[in-house]
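In: sequence below, structure please.
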Amino acid sequence: MTYLSTIHVDILMCLALLPAIAVAAIKLDKSIPAHRHLISIMVCVFILLVLEACSVALDANFNATIRDNVQLVPLGKLVNSIGFLLVPAPAFLTWTFLHHWTGVRLAASAFLFWTLPLACNAALAILSYNEGLLFSVAPDNTYSRGPWFVISPAIFYGYQTLAVSVLVRQRARLRAEEAALFALALVLPAITAAIQLHYFTFLTIWSSWAISCIILLVTVFINSSERDELTKLANRTAYRNAITKARRMRELKMCVALLDMD
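Out: Next up, the predicted model:
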């Protein structure tokens with residue numbers, strides 16, 4: 001039961017993320033690029049949670065019952081290769097999501113340039129199947145980090161930094177609560193990733209990313225509920241929320257004008 005107790009958070013996060021993906025796929029307008037990118041982030045994180053759970057189940061460090069079962073070695077290598085290939089993807093997609101959300105056009109040349117680390121990580125993940133660059137799986141099904149392991153989390157943190165830079169530079173285009181929620185969604189995985197990088201038995205990265213996905217989805221729904229889809233102007237819900245907030249302010253001096261245009 002050791003490996004089951006290790007991955008129970010991953011299992012719970014999968015169960016939480018799956019209905020969130022279904023709601024996003026049904027309710028969000030897929031013609032909007034930012035919405036498509038958000039769904040892609042959520043699907044990617046769900047796949048990574050599943051792969052992480054499978055990786056633990058196929059690791060003799062956690063599951064002693066498979067030790068020396070050489071038939072499982074190729075499967076363990078395959079699971080870890082795909083997992084490492086996808087490691088930077090959520091951060092990369094979040095970076096592109098924020099560009100679309102803030103309405104800042106990303107030049108094709110810049111996009112191609114910043115996909116190079118993604119391609120480099122993918123190549124290393126594929127080569128690691130046989131060469132053990134990012135990881136290795138011994139004949140007794142024991143997983144260990146490879147000599148080039150640090151490259152993958154470095155690329156992950158690089159894309160996180162890019163996403164934060166977009167948030168900082170385009171903060172004027174965002175409402176305060178909107179920017180705060182986006183910042184939380186970015187900071188949470190970055191902090192918890194450090195825990196797993198130091199203690200590999202604590203699976204914190206993708207469970208925290210699942211929470212970030214839900215935060216991003218909630219932010220999108222809040223924005224949709226408070227803005228008119230056609231004009232992008234604040235609607236009656238936003239007006240009522242502003243009035244409620246204003247009533248809690250001290251020494252309030254306010255003038256309200258209502259204008260109805262047909």
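In: what's the burial count for M261?
Out: Here the count is done by other Cβ atoms under 10 Å, and M261 has 3 residues near it. All C-beta atoms are positioned from the backbone trio N, CA, C, and that covers glycine.
In: confirm that it sits in a helix.
Out: No - counting by DSSP: H, G, I helix; E, B strand; the rest coil, M261 is not found in a helix; it is coil.
In: quick check: the gap between it and Y239.
Out: Computed as Cβ to Cβ, to the nearest Å, the M261 to Y239 distance reads 15 Å.
In: now swap in Y3 and tell me
Out: Distance of Y3 to Y239, given as Cβ to Cβ: 53 Å.
In: now do the contacts for the closest residue to L133 other than its chain neighbours.
Out: Excluding the flanking residues, the one nearest L133 by Cβ to Cβ, 6 or more residues apart in numbering is W148, at 4.4 Å. The contact partners of W148, by Cβ atoms under 8 Å, 6 or more residues apart in numbering, come to 124, 133-134.
In: the more surrounded of Y3 and Y239?
Out: Neighbour comparison, Y3 and Y239: the larger count goes to Y3, with 20 against 13 (by other Cβ under 10 Å).
In: element containing P74?
Out: Secondary structure assignment for P74, by DSSP states H and E: helix 73-86.
In: which strands and helices sit next to the next helix or strand after that helix?
Out: Toward the C-terminal end, the helix or strand that comes next after helix 73-86 (DSSP H and E) is helix 89-102. If you count contacts as 3 or more Cβ pairs under 8 Å, 6 or more residues apart in numbering; DSSP states H and E, helix 89-102 packs onto helix 33-57, helix 108-114, helix 151-169, helix 176-198, helix 205-226.
In: now these as CSV including mean neighbour count?
Out: Converted to CSV, the helices and strands packed on helix 89-102 look like this (neighbours: other Cβ atoms under 10 Å):
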stretch, mean neighbour count
helix 33-57, 21
helix 108-114, 11
helix 151-169, 18
helix 176-198, 17
helix 205-226, 21
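In: could those go into JSON lines alongside mean pLDDT and distance to K77?
Out: Rendered in JSON lines, the data for the helices and strands packed on helix 89-102 read as follows (pLDDT from 0 to 100; distance: least, Cβ to Cβ, whole Å):
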{"stretch": "helix 33-57", "mean pLDDT": "95", "distance to K77": "10"}
{"stretch": "helix 108-114", "mean pLDDT": "91", "distance to K77": "29"}
{"stretch": "helix 151-169", "mean pLDDT": "95", "distance to K77": "16"}
{"stretch": "helix 176-198", "mean pLDDT": "91", "distance to K77": "20"}
{"stretch": "helix 205-226", "mean pLDDT": "90", "distance to K77": "20"}
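In: let me have those in TSV, adding distance to V79 as columns.
Out: Formatted as TSV, the entries for the helices and strands packed on helix 89-102 read as follows, by distance: least, Cβ to Cβ, whole Å:
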stretch	distance to V79
helix 33-57	5
helix 108-114	27
helix 151-169	15
helix 176-198	17
helix 205-226	14
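In: of all these, which lies closest to A16?
Out: Using Cβ to Cβ as the criterion, the shortest distance between A16 and the helices and strands packed on helix 89-102 is 6.5 Å, found for helix 205-226.
In: now the angle between helix 73-86 and that closest one, please.
Out: Angle of helix 205-226 versus helix 73-86, following axes from the mean of the first three to the mean of the last three Cα atoms, to 10 degrees, is 40 degrees.
In: how distant is helix 205-226 from the center of its chain?
Out: Average the C-alpha atoms of helix 205-226, do the same for its chain, and the two points are 9 Å apart (Cα atoms, centre = their mean, to the nearest Å).
In: for it, name the packing helices and strands.
Out: On a contact count with 3+ Cβ pairs under 8 Å, 6+ apart, helix 205-226 meets helix 8-27, helix 33-57, helix 89-102, helix 176-198, helix 236-247.
In: which other residues reach the fourth one?
Out: Defining contact as Cβ under 8 Å, 6+ apart, one finds that helix 176-198 is touched by 90-91, 94, 98, 153, 156-157, 160, 163-164, 167, 171, 174, 202-205, 207-209, 211-213, 215-216, 218-219, 222-223.
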